[in-house]
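> Sequence and predicted structure below; questions after.
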Amino acid sequence: MDHSATVKIIRKISEVRREDWDRLVGGGSPFMKWDWLDALEGAGCVQERTGWLPHHVVIEKPGELLGACPMYLKLHSQGEFVFDYEWAELARELGVSYYPKLLVGVPFTPVTGPRFLTSSRAHRPELIRVLGQLLVRIAEENKLSSVHVNFCLEDEAELLQQLGFIRRTGLQFQWQNRDYGTFDDYLSAFRSDRRNKVKRERRELLQQGVSIRAIEGEELTPAHFSTMFQLYKGHVDKLYYGRQYLTREFFSELARRFKPNLCLILAERESRIIAGTFNVQDHEAFYGRYWGAFEEQRYLHFNVCYYAAIEHCIRKRLQRFEAGAGGSFKQLRGLDPQPTASMHYIVEPRLKRVIERYLRQETSFVDERRATLLEKSQLKKADA
(Lines give C-alpha, C1' and ligand atoms only; values in the text may rest on other atoms or scores of the structure.)
Protein backbone atom coordinates (compact mmCIF):
# COMPACT_ATOMS: atom_id res chain seq x y z
CA MET A 1 0.00 0.00 0.00
CA ASP A 2 1.17 3.54 -0.75
CA HIS A 3 3.26 4.87 2.18
CA SER A 4 1.52 8.24 1.89
CA ALA A 5 -1.85 6.63 2.65
CA THR A 6 -3.65 7.42 5.90
CA VAL A 7 -6.55 5.75 7.68
CA LYS A 8 -9.35 7.55 9.45
CA ILE A 9 -12.77 6.92 10.96
CA ILE A 10 -15.60 9.17 9.84
CA ARG A 11 -18.92 9.62 11.65
CA LYS A 12 -20.94 10.52 8.55
CA ILE A 13 -20.62 9.18 5.05
CA SER A 14 -21.11 12.74 3.83
CA GLU A 15 -17.53 13.37 4.97
CA VAL A 16 -16.54 11.52 1.78
CA ARG A 17 -17.50 12.88 -1.62
CA ARG A 18 -20.19 10.85 -3.36
CA GLU A 19 -18.17 10.45 -6.56
CA ASP A 20 -15.13 9.18 -4.64
CA TRP A 21 -17.12 6.57 -2.70
CA ASP A 22 -19.13 5.41 -5.73
CA ARG A 23 -15.97 5.11 -7.80
CA LEU A 24 -14.93 2.35 -5.38
CA VAL A 25 -18.37 0.73 -5.56
CA GLY A 26 -18.21 0.65 -9.36
CA GLY A 27 -20.73 -1.88 -10.65
CA GLY A 28 -21.07 -3.52 -7.23
CA SER A 29 -24.05 -3.73 -4.90
CA PRO A 30 -26.51 -0.80 -5.15
CA PHE A 31 -26.90 -0.97 -1.37
CA MET A 32 -23.26 0.07 -1.00
CA LYS A 33 -23.80 3.24 -3.00
CA TRP A 34 -23.23 6.56 -1.26
CA ASP A 35 -26.82 7.69 -1.82
CA TRP A 36 -28.32 4.61 -0.12
CA LEU A 37 -26.06 4.82 2.93
CA ASP A 38 -26.41 8.60 3.18
CA ALA A 39 -30.21 8.35 2.96
CA LEU A 40 -30.22 5.95 5.92
CA GLU A 41 -28.25 8.47 7.95
CA GLY A 42 -30.04 11.58 6.78
CA ALA A 43 -33.51 10.11 7.32
CA GLY A 44 -32.75 9.12 10.90
CA CYS A 45 -32.76 5.35 10.39
CA VAL A 46 -29.11 5.08 11.40
CA GLN A 47 -28.09 7.17 14.41
CA GLU A 48 -27.31 6.86 18.12
CA ARG A 49 -31.01 6.82 19.03
CA THR A 50 -31.56 3.71 16.89
CA GLY A 51 -28.42 1.97 18.15
CA TRP A 52 -26.44 2.34 14.90
CA LEU A 53 -23.51 4.75 15.22
CA PRO A 54 -21.64 5.27 11.93
CA HIS A 55 -17.87 4.73 12.21
CA HIS A 56 -16.96 4.30 8.55
CA VAL A 57 -13.35 3.42 7.78
CA VAL A 58 -11.53 5.08 4.88
CA ILE A 59 -8.01 4.73 3.51
CA GLU A 60 -6.87 7.68 1.46
CA LYS A 61 -3.84 9.41 0.07
CA PRO A 62 -3.73 13.03 -1.10
CA GLY A 63 -6.36 13.38 -3.80
CA GLU A 64 -7.51 9.74 -3.87
CA LEU A 65 -9.72 7.39 -1.86
CA LEU A 66 -8.03 3.96 -1.84
CA GLY A 67 -10.38 1.87 0.29
CA ALA A 68 -13.39 2.05 2.58
CA CYS A 69 -15.93 0.03 4.49
CA PRO A 70 -19.27 1.04 6.05
CA MET A 71 -18.92 0.30 9.77
CA TYR A 72 -21.24 0.87 12.71
CA LEU A 73 -20.84 0.75 16.45
CA LYS A 74 -23.83 -1.36 17.46
CA LEU A 75 -25.63 -1.18 20.80
CA HIS A 76 -27.83 -4.23 20.04
CA SER A 77 -28.24 -6.92 17.36
CA GLN A 78 -31.43 -5.73 15.69
CA GLY A 79 -31.67 -5.23 11.94
CA GLU A 80 -28.69 -7.43 11.08
CA PHE A 81 -30.25 -10.76 9.94
CA VAL A 82 -27.24 -12.73 11.15
CA PHE A 83 -28.64 -13.67 14.52
CA ASP A 84 -26.22 -13.62 17.43
CA TYR A 85 -28.58 -13.16 20.38
CA GLU A 86 -27.43 -16.49 21.83
CA TRP A 87 -23.83 -15.28 21.61
CA ALA A 88 -24.77 -12.19 23.59
CA GLU A 89 -26.42 -14.35 26.24
CA LEU A 90 -23.38 -16.61 26.40
CA ALA A 91 -21.12 -13.57 26.79
CA ARG A 92 -23.27 -12.36 29.68
CA GLU A 93 -22.90 -15.74 31.40
CA LEU A 94 -19.11 -15.47 30.98
CA GLY A 95 -19.10 -11.95 32.40
CA VAL A 96 -18.24 -10.38 29.04
CA SER A 97 -19.94 -7.20 27.80
CA TYR A 98 -21.14 -8.11 24.30
CA TYR A 99 -22.34 -4.60 23.45
CA PRO A 100 -21.19 -2.34 21.98
CA LYS A 101 -19.76 -4.30 19.05
CA LEU A 102 -18.59 -3.40 15.54
CA LEU A 103 -20.56 -4.29 12.43
CA VAL A 104 -19.43 -3.93 8.83
CA GLY A 105 -22.35 -4.15 6.43
CA VAL A 106 -25.48 -2.43 5.18
CA PRO A 107 -28.10 -1.75 7.87
CA PHE A 108 -31.34 -3.75 7.65
CA THR A 109 -30.21 -5.41 4.39
CA PRO A 110 -29.48 -9.17 4.23
CA VAL A 111 -27.95 -9.00 0.75
CA THR A 112 -24.50 -10.34 -0.13
CA GLY A 113 -22.13 -7.78 -1.60
CA PRO A 114 -18.69 -6.21 -1.24
CA ARG A 115 -18.03 -5.00 2.29
CA PHE A 116 -14.53 -3.72 1.59
CA LEU A 117 -14.38 -1.20 -1.24
CA THR A 118 -11.03 -0.95 -3.00
CA SER A 119 -9.70 1.26 -5.75
CA SER A 120 -7.46 -1.33 -7.39
CA ARG A 121 -8.16 -4.93 -8.32
CA ALA A 122 -4.43 -5.66 -8.20
CA HIS A 123 -4.10 -4.29 -4.66
CA ARG A 124 -7.50 -5.48 -3.42
CA PRO A 125 -6.17 -8.38 -1.27
CA GLU A 126 -3.66 -6.07 0.41
CA LEU A 127 -6.31 -3.41 1.08
CA ILE A 128 -8.73 -5.98 2.50
CA ARG A 129 -6.02 -7.25 4.85
CA VAL A 130 -5.20 -3.70 5.96
CA LEU A 131 -8.86 -2.94 6.63
CA GLY A 132 -9.36 -6.26 8.43
CA GLN A 133 -6.31 -5.72 10.64
CA LEU A 134 -7.55 -2.23 11.43
CA LEU A 135 -10.96 -3.55 12.52
CA VAL A 136 -9.29 -6.03 14.86
CA ARG A 137 -7.08 -3.31 16.35
CA ILE A 138 -10.03 -0.96 16.88
CA ALA A 139 -11.96 -3.68 18.71
CA GLU A 140 -9.03 -4.74 20.89
CA GLU A 141 -7.84 -1.24 21.78
CA ASN A 142 -11.37 -0.09 22.67
CA LYS A 143 -12.19 -3.28 24.60
CA LEU A 144 -15.09 -4.16 22.31
CA SER A 145 -16.33 -7.74 22.26
CA SER A 146 -16.31 -8.43 18.55
CA VAL A 147 -16.28 -7.41 14.90
CA HIS A 148 -18.90 -8.74 12.48
CA VAL A 149 -18.70 -8.53 8.69
CA ASN A 150 -22.10 -9.61 7.42
CA PHE A 151 -23.05 -10.96 3.98
CA CYS A 152 -19.58 -10.49 2.52
CA LEU A 153 -18.00 -11.75 -0.69
CA GLU A 154 -15.96 -14.94 -0.82
CA ASP A 155 -12.62 -13.22 -1.42
CA GLU A 156 -13.25 -11.09 1.67
CA ALA A 157 -14.23 -14.14 3.75
CA GLU A 158 -11.06 -16.03 2.80
CA LEU A 159 -8.75 -13.13 3.63
CA LEU A 160 -10.51 -12.35 6.92
CA GLN A 161 -10.25 -16.01 7.93
CA GLN A 162 -6.47 -15.65 7.69
CA LEU A 163 -6.72 -12.81 10.24
CA GLY A 164 -8.54 -14.94 12.81
CA PHE A 165 -12.14 -14.23 11.82
CA ILE A 166 -14.58 -17.15 12.09
CA ARG A 167 -16.85 -17.97 9.16
CA ARG A 168 -20.59 -18.33 9.61
CA THR A 169 -22.58 -19.88 6.78
CA GLY A 170 -26.24 -19.09 6.19
CA LEU A 171 -28.83 -19.90 3.54
CA GLN A 172 -31.00 -17.69 1.36
CA PHE A 173 -33.45 -18.65 -1.35
CA GLN A 174 -32.65 -17.24 -4.78
CA TRP A 175 -33.92 -17.62 -8.34
CA GLN A 176 -31.47 -18.11 -11.19
CA ASN A 177 -32.30 -17.16 -14.77
CA ARG A 178 -31.60 -20.10 -17.07
CA ASP A 179 -31.93 -17.87 -20.11
CA TYR A 180 -35.74 -18.00 -20.02
CA GLY A 181 -37.48 -16.09 -22.79
CA THR A 182 -40.93 -15.97 -21.17
CA PHE A 183 -42.62 -16.90 -17.90
CA ASP A 184 -44.03 -19.96 -19.67
CA ASP A 185 -40.46 -21.03 -20.42
CA TYR A 186 -39.80 -20.78 -16.71
CA LEU A 187 -42.91 -22.79 -15.88
CA SER A 188 -41.72 -25.54 -18.19
CA ALA A 189 -38.72 -25.98 -15.89
CA PHE A 190 -41.01 -27.01 -12.99
CA ARG A 191 -41.95 -30.54 -12.16
CA SER A 192 -45.41 -31.08 -13.63
CA ASP A 193 -47.45 -31.14 -10.41
CA ARG A 194 -45.89 -27.94 -9.13
CA ARG A 195 -46.25 -26.24 -12.52
CA ASN A 196 -50.01 -26.81 -12.42
CA LYS A 197 -50.24 -25.37 -8.90
CA VAL A 198 -48.37 -22.21 -9.93
CA LYS A 199 -50.70 -21.76 -12.90
CA ARG A 200 -53.71 -22.14 -10.61
CA GLU A 201 -52.35 -19.59 -8.12
CA ARG A 202 -51.83 -17.05 -10.92
CA ARG A 203 -55.19 -17.76 -12.54
CA GLU A 204 -57.20 -17.42 -9.33
CA LEU A 205 -55.90 -13.92 -8.71
CA LEU A 206 -56.86 -12.82 -12.22
CA GLN A 207 -60.34 -14.23 -11.70
CA GLN A 208 -60.66 -12.01 -8.62
CA GLY A 209 -60.05 -8.94 -10.79
CA VAL A 210 -56.53 -8.29 -9.52
CA SER A 211 -53.88 -7.00 -11.92
CA ILE A 212 -50.16 -6.70 -11.19
CA ARG A 213 -47.66 -4.35 -12.76
CA ALA A 214 -44.05 -3.32 -12.27
CA ILE A 215 -43.22 0.40 -12.13
CA GLU A 216 -39.58 1.47 -12.22
CA GLY A 217 -37.21 4.38 -12.61
CA GLU A 218 -38.66 7.67 -13.78
CA GLU A 219 -42.18 6.19 -13.91
CA LEU A 220 -42.21 6.34 -10.12
CA THR A 221 -43.97 9.32 -8.53
CA PRO A 222 -43.95 10.72 -4.97
CA ALA A 223 -47.41 9.18 -4.54
CA HIS A 224 -45.99 5.72 -5.25
CA PHE A 225 -43.38 6.15 -2.52
CA SER A 226 -45.96 7.43 -0.05
CA THR A 227 -48.13 4.39 -0.73
CA MET A 228 -45.16 2.04 -0.43
CA PHE A 229 -44.25 3.48 2.96
CA GLN A 230 -47.83 2.89 4.14
CA LEU A 231 -47.64 -0.71 2.90
CA TYR A 232 -44.27 -1.24 4.59
CA LYS A 233 -45.36 0.26 7.91
CA GLY A 234 -48.68 -1.55 7.86
CA HIS A 235 -46.95 -4.89 7.41
CA VAL A 236 -44.47 -4.19 10.22
CA ASP A 237 -47.32 -3.22 12.53
CA LYS A 238 -49.06 -6.56 11.87
CA LEU A 239 -46.07 -8.61 13.02
CA TYR A 240 -45.69 -9.34 16.72
CA TYR A 241 -41.91 -9.17 16.25
CA GLY A 242 -42.07 -6.30 13.77
CA ARG A 243 -39.69 -3.37 14.05
CA GLN A 244 -39.96 -0.27 11.91
CA TYR A 245 -36.39 0.35 10.84
CA LEU A 246 -37.16 2.75 7.99
CA THR A 247 -38.76 6.19 8.17
CA ARG A 248 -41.06 7.99 5.77
CA GLU A 249 -38.16 10.38 5.12
CA PHE A 250 -36.02 7.48 3.90
CA PHE A 251 -38.57 6.62 1.22
CA SER A 252 -38.75 10.29 0.26
CA GLU A 253 -34.97 10.46 -0.05
CA LEU A 254 -34.93 7.42 -2.33
CA ALA A 255 -37.66 8.98 -4.46
CA ARG A 256 -35.45 12.01 -4.89
CA ARG A 257 -32.16 10.35 -5.76
CA PHE A 258 -32.33 6.57 -6.18
CA LYS A 259 -35.04 6.00 -8.79
CA PRO A 260 -32.82 4.33 -11.44
CA ASN A 261 -32.29 1.40 -9.07
CA LEU A 262 -35.86 1.07 -7.83
CA CYS A 263 -38.86 -0.98 -8.91
CA LEU A 264 -42.25 -1.26 -7.22
CA ILE A 265 -44.51 -4.19 -8.03
CA LEU A 266 -48.10 -3.21 -7.31
CA ALA A 267 -51.31 -5.23 -7.21
CA GLU A 268 -54.48 -3.32 -8.09
CA ARG A 269 -58.19 -3.96 -8.15
CA GLU A 270 -60.42 -1.43 -9.90
CA SER A 271 -57.48 0.99 -10.17
CA ARG A 272 -56.90 0.87 -6.41
CA ILE A 273 -53.59 -0.40 -4.99
CA ILE A 274 -54.17 -3.32 -2.63
CA ALA A 275 -50.61 -4.63 -2.17
CA GLY A 276 -47.06 -4.07 -3.29
CA THR A 277 -43.36 -4.76 -2.95
CA PHE A 278 -40.41 -2.40 -2.79
CA ASN A 279 -37.45 -3.73 -4.78
CA VAL A 280 -33.94 -2.68 -5.76
CA GLN A 281 -32.29 -3.69 -9.03
CA ASP A 282 -29.02 -3.31 -10.88
CA HIS A 283 -27.71 -4.53 -14.23
CA GLU A 284 -27.81 -8.20 -13.26
CA ALA A 285 -29.92 -8.78 -10.14
CA PHE A 286 -33.30 -7.99 -8.58
CA TYR A 287 -33.55 -7.67 -4.79
CA GLY A 288 -36.90 -8.07 -3.09
CA ARG A 289 -36.95 -5.92 0.03
CA TYR A 290 -40.32 -4.95 1.52
CA TRP A 291 -43.88 -6.20 1.15
CA GLY A 292 -47.21 -4.94 2.38
CA ALA A 293 -50.94 -5.36 1.70
CA PHE A 294 -54.00 -3.27 2.49
CA GLU A 295 -56.24 -6.33 2.25
CA GLU A 296 -55.83 -10.09 2.47
CA GLN A 297 -56.30 -12.25 -0.60
CA ARG A 298 -55.33 -15.85 -1.20
CA TYR A 299 -52.15 -16.18 -3.30
CA LEU A 300 -51.68 -12.39 -3.40
CA HIS A 301 -48.34 -12.54 -1.59
CA PHE A 302 -46.91 -15.27 -3.83
CA ASN A 303 -47.99 -13.52 -7.02
CA VAL A 304 -46.66 -10.09 -6.09
CA CYS A 305 -43.48 -11.12 -4.28
CA TYR A 306 -42.37 -14.00 -6.49
CA TYR A 307 -44.17 -14.62 -9.77
CA ALA A 308 -44.34 -10.97 -10.83
CA ALA A 309 -40.74 -10.41 -9.71
CA ILE A 310 -39.52 -13.40 -11.72
CA GLU A 311 -41.54 -12.28 -14.74
CA HIS A 312 -39.90 -8.85 -14.45
CA CYS A 313 -36.44 -10.45 -14.26
CA ILE A 314 -37.11 -12.50 -17.39
CA ARG A 315 -38.35 -9.44 -19.26
CA LYS A 316 -35.31 -7.38 -18.18
CA ARG A 317 -32.93 -10.31 -18.69
CA LEU A 318 -31.68 -10.09 -15.10
CA GLN A 319 -29.62 -13.06 -14.00
CA ARG A 320 -30.95 -13.64 -10.50
CA PHE A 321 -33.63 -12.68 -8.01
CA GLU A 322 -32.71 -12.48 -4.32
CA ALA A 323 -35.85 -12.62 -2.23
CA GLY A 324 -34.31 -11.80 1.15
CA ALA A 325 -34.04 -13.68 4.41
CA GLY A 326 -36.05 -16.69 5.54
CA GLY A 327 -39.02 -18.47 4.04
CA SER A 328 -38.50 -22.07 2.92
CA PHE A 329 -41.92 -21.74 1.22
CA LYS A 330 -40.05 -19.77 -1.43
CA GLN A 331 -38.68 -23.05 -2.73
CA LEU A 332 -42.17 -24.06 -3.84
CA ARG A 333 -42.05 -21.02 -6.16
CA GLY A 334 -38.79 -22.03 -7.81
CA LEU A 335 -36.20 -20.40 -5.55
CA ASP A 336 -33.42 -22.68 -4.32
CA PRO A 337 -31.03 -22.27 -1.35
CA GLN A 338 -27.72 -20.49 -1.82
CA PRO A 339 -25.04 -20.13 0.88
CA THR A 340 -24.14 -16.79 2.44
CA ALA A 341 -21.00 -15.91 4.36
CA SER A 342 -20.46 -13.68 7.37
CA MET A 343 -17.19 -13.30 9.28
CA HIS A 344 -16.79 -12.75 13.01
CA TYR A 345 -13.80 -11.75 15.12
CA ILE A 346 -14.33 -12.54 18.81
CA VAL A 347 -11.88 -10.77 21.10
CA GLU A 348 -12.39 -12.67 24.38
CA PRO A 349 -10.65 -16.11 24.11
CA ARG A 350 -13.18 -18.11 26.15
CA LEU A 351 -16.10 -16.71 24.18
CA LYS A 352 -14.28 -17.33 20.91
CA ARG A 353 -13.64 -21.01 21.72
CA VAL A 354 -17.29 -21.68 22.51
CA ILE A 355 -18.52 -19.84 19.40
CA GLU A 356 -16.03 -21.73 17.22
CA ARG A 357 -17.43 -25.04 18.49
CA TYR A 358 -20.98 -23.80 17.98
CA LEU A 359 -20.26 -22.70 14.40
CA ARG A 360 -18.62 -26.00 13.47
CA GLN A 361 -21.85 -27.76 14.41
CA GLU A 362 -24.04 -25.10 12.80
CA THR A 363 -22.08 -25.20 9.53
CA SER A 364 -22.46 -28.97 9.32
CA PHE A 365 -26.21 -28.61 9.87
CA VAL A 366 -26.52 -25.82 7.26
CA ASP A 367 -24.60 -27.86 4.68
CA GLU A 368 -26.79 -30.90 5.27
CA ARG A 369 -29.96 -28.81 5.15
CA ARG A 370 -28.96 -27.22 1.84
CA ALA A 371 -28.21 -30.63 0.32
CA THR A 372 -31.61 -31.90 1.48
CA LEU A 373 -33.42 -28.84 0.15
CA LEU A 374 -31.69 -29.08 -3.24
CA GLU A 375 -32.93 -32.65 -3.53
CA LYS A 376 -36.45 -31.25 -3.04
CA SER A 377 -36.05 -28.54 -5.68
CA GLN A 378 -39.25 -27.91 -7.64
CA LEU A 379 -37.19 -27.35 -10.78
CA LYS A 380 -35.94 -30.02 -13.12
CA LYS A 381 -32.19 -30.36 -13.45
CA ALA A 382 -30.74 -27.74 -15.79
CA ASP A 383 -29.61 -30.39 -18.26
CA ALA A 384 -32.80 -32.46 -18.03
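Okay, I see it.
> CA only for contacts and neighbour counts going forward, please
Will do.
> Outline the domain layout of the protein.
For the chain, automatic domain parsing gives the domain ranges 6-170+339-375, 178-318.
> Figure out how far the first one is from the centre of its chain.
In this case it means domain 6-170+339-375. Centre-to-centre, domain 6-170+339-375 and its host chain are 13 Å apart (CA atoms, centre = their mean, to the nearest Å).
> Mind checking the pLDDT average for that domain?
Mean pLDDT, computed over domain 6-170+339-375, is 97.
> Helix or strand: which one has Phe81?
Per DSSP states H and E: Phe81 is located in neither a helix nor a strand.
> who's in contact with stretch 253-262?
For stretch 253-262, contacts defined as CA atoms under 8 Å, 6 or more residues apart in numbering pick out 30, 35-36, 39, 43, 216-218, 220-222, 225, 278-282.
> For the residue nearest to Phe229 when sequence neighbours are not counted, list the residues it contacts.
Nearest in space to Phe229, with sequence neighbours left out and distances taken as CA to CA, 6 or more residues apart in numbering, is Arg248 at 6.2 Å. Each residue near Arg248 by CA under 8 Å, 6+ apart is listed here: 43, 226, 229.
> Is the last one within a helix or a strand, and which one?
Which is Phe229. Taking DSSP H and E as the criterion, Phe229 maps to helix 222-238.
> chain center to that helix: distance?
That offset, for helix 222-238, works out to 19 Å (CA atoms, centre = their mean).
> try stretch 275-289
Mean C-alpha position of stretch 275-289 versus that of the full chain (CA atoms, centre = their mean) differs by 11 Å.
> in it, what's buried?
275-281, 285-289 (16 or more other CA atoms under 10 Å).
> Farthest pair within those?
Ala275 and Ala285 (22.6 Å; CA to CA).
> And the average pLDDT for the helix or strand following the helix holding Phe229 is what?
For helix 222-238, the following helix or strand on the C-terminal side (DSSP H and E) is helix 248-257. Average pLDDT, helix 248-257: 96.
> Please report the distance of Lys376 from Arg200.
Distance, Lys376 to Arg200, using CA to CA, to the nearest Å: 21 Å.
> From Ala293, how far out is the nearest residue to Glu201 once chain neighbours are set aside?
Counting by CA to CA, 6+ apart, Glu201 lies nearest to Tyr299, which is 5.9 Å off, once chain neighbours are set aside. Distance of Tyr299 to Ala293, given as CA to CA: 12 Å.
> More neighbours: which of the two?
Ala293 (21 against 15; other CA atoms under 10 Å).
> give me the beta-bridge partners of that one?
Beta bridges link Ala293 to Ala275, judged by DSSP bridges.
> Show me the helices in this protein, by range?
With DSSP state H as the definition, the chain shows helices at residue ranges 18-25, 34-42, 85-93, 124-141, 154-162, 183-187, 192-207, 222-238, 248-257, 300-302, 308-316, 349-375.
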